[in-house]
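> Quick one: sequence and predicted model below, then my questions.
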Amino acid sequence: MHVRRNNKCLGAGLGVFATLTLPVGVRFGPYRGEITKEIVSKYCWQIYDQNNKPKHVVDAADEDRSNWMRYVNCSRHWNEQNLLAYQYKGQLYYRTIKIVPRFTELLVFYGSEFASFLDVDLRLYNSPPQIQVFKMAMRPII
């Protein structure tokens with residue numbers, strides 16, 4: 001993985017890009033950070049207990065106490081998402097849900113509540129992508 005500036009999404013800062021093609025099912029993690037009780041930064045993930053009740057928060061705001069996973073950005077549209085965040089034995093992991101070509105940014109959906117906190121427009125996220133089709137003028141090659 002390679003962390004570098006994200007040029008696609010204004011204000012996203014750094015992003016994580018694949019240095020080689022990743023197949024479906026590649027697991028990354030766990031997500032590292034400080035264990036807290038409250039969501040206080042944009043680098044937080046809520047961890048739940050076996051009864052689906054909030055247990056604690058992993059806050060990766062401190063670069064010295066986190067890992068590269070803190071730089072994975074939120075997908076702007078469902079079709080962009082190539083990672084799924086999931087919890088296993090009280091820790092958070094990401095898993096590829098589609099083939100990720102080399103040089104492609106890794107993107108995960110943060111969940112509706114946290115996406116709203118980050119001002120992600122959920123109406124746009126859930127709507128079908130806008131595709132434009134252009135008619136190509138055919139000319140003989142000389």
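Here it is on my side, so go on.
> For the closest residue to residue 27 other than its chain neighbours, give the beta-bridge partners.
Of all residues not flanking residue 27 in the chain, residue 95 sits nearest, at 5.1 Å (Cβ to Cβ, 6 or more residues apart in numbering). (C-beta placed from N, C-alpha, C; glycine too.) Under DSSP bridges, the beta-bridge partners of residue 95 are residue 27, residue 84.
> burial measure for residue 95, as a count.
Residues within reach of residue 95, counting by other Cβ atoms under 10 Å, total 17.
> Same question for the one 3 residues further on.
Here the number of neighbours of residue 98 (other Cβ under 10 Å) works out to 13.
> That one reaches residue 82, doesn't it?
Yes. If you go by Cβ atoms under 8 Å, residue 98 and residue 82 touch, sitting 5.3 Å apart.
> show me what contacts the residue nearest to residue 27?
Shown in contact with residue 95 (Cβ atoms under 8 Å, 6 or more residues apart in numbering): 25, 26, 27, 28, 83, 84, 86.
> how much space is there between the closest residue in space to residue 97 that isn't next to it in sequence and residue 20?
Once flanking residues are discounted, residue 97 sits nearest to residue 84: 4.9 Å by Cβ to Cβ, 6+ apart. From residue 84 across to residue 20, the span is 20 Å (Cβ to Cβ, to the nearest Å).
> neighbour count winner among those two?
Per other Cβ under 10 Å, whichever of residue 84 and residue 20 has more neighbours is residue 84, with 13 against 9.
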